[in-house]
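Undergrad: Generate coordinates for the sequence data below:
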Amino acid sequence: MHRITKIAASAATALTATAILATAPTAAAHADQAREGDTRPCVTLGEFLKVHRGMLMSDLHRIFDTKGHYQAAWSDPWYEPMRDVYRDYRPCPGFNQGHRIEINFDNYWHDAPGLRVYSKTARP
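TA: Predicted structure coming up:
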């Protein structure tokens with residue numbers, strides 16, 4: 001009788017542990033949520049680190065979930081196709097608080113067409 005009680009108790013413990021593990025969020029689930037998108041219209045550190053030189057403006061806006069704010073633009077009348085555009089983006093809480101994120105796009109430092117990231121800064 002003691003042996004049957006012990007086996008039943010072990011089975012109940014195993015079932016409870018399995019149920020708890022089945023409902024606990026996993027690291028993979030958190031990664032999926034992050035990949036699917038933080039859709040806040042602000043920039044996280046992870047999003048900022050994904051940006052690299054040569055990235056299209058449209059790709060950056062998809063990562064940042066916002067088009068940011070137009071800051072300035074430059075074009076040279078002698079070299080009509082050359083253009084620079086500067087845009088500011090708001091950082092999310094916990095990243096670069098009280099500061100701004102500035103991205104410089106241009107269409108002349110890269111072999112491919114379109115406005116592409118030339119530089120990025122996170123500063124006051």
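Undergrad: who touches stretch 46-57?
TA: 34, 38, 60, 63-65, 85, 91, 95-96, 101, 103, 105, 110, 112, 114-120, 122 (Cβ atoms under 8 Å, 6 or more residues apart in numbering). All C-beta spots, glycine's among them, are computed from the backbone N, C-alpha and C.
Undergrad: pLDDT below threshold where in the protein?
TA: The model of the chain has pLDDT under 70 over residues 1-37, 80, 124.
Undergrad: before we move on, back to that, give the ChimeraX command for selecting the buried subset of the contacts of stretch 46-57.
TA: Listed next is the ChimeraX selection for buried residues among the contacts of stretch 46-57, using 16 or more other Cβ atoms under 10 Å:
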select :38,60,63,64,65,85,91,95,96,101,103,105,110,115,116,117,118,120
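Undergrad: Mind checking which of the contacts of stretch 46-57 land in strands?
TA: V85, I101, I103, F105, R116, V117, Y118, S119, K120, A122 (DSSP state E).
Undergrad: dump the residue contacts of the third one.
TA: Right, I103. So I103 contacts V51, L60, G68, Y86, R87, Y89, V117, S119, K120 (Cβ under 8 Å, 6+ apart).
Undergrad: Which of the helices or strands spans the residue nearest to the fourth one when sequence neighbours are not counted?
TA: Beyond its immediate neighbours in the sequence, the residue positioned closest to Y86 (Cβ to Cβ, 6 or more residues apart in numbering) is Q71, lying 4.2 Å away. Secondary-structure element containing Q71, defined by DSSP states H and E: strand 69-75.
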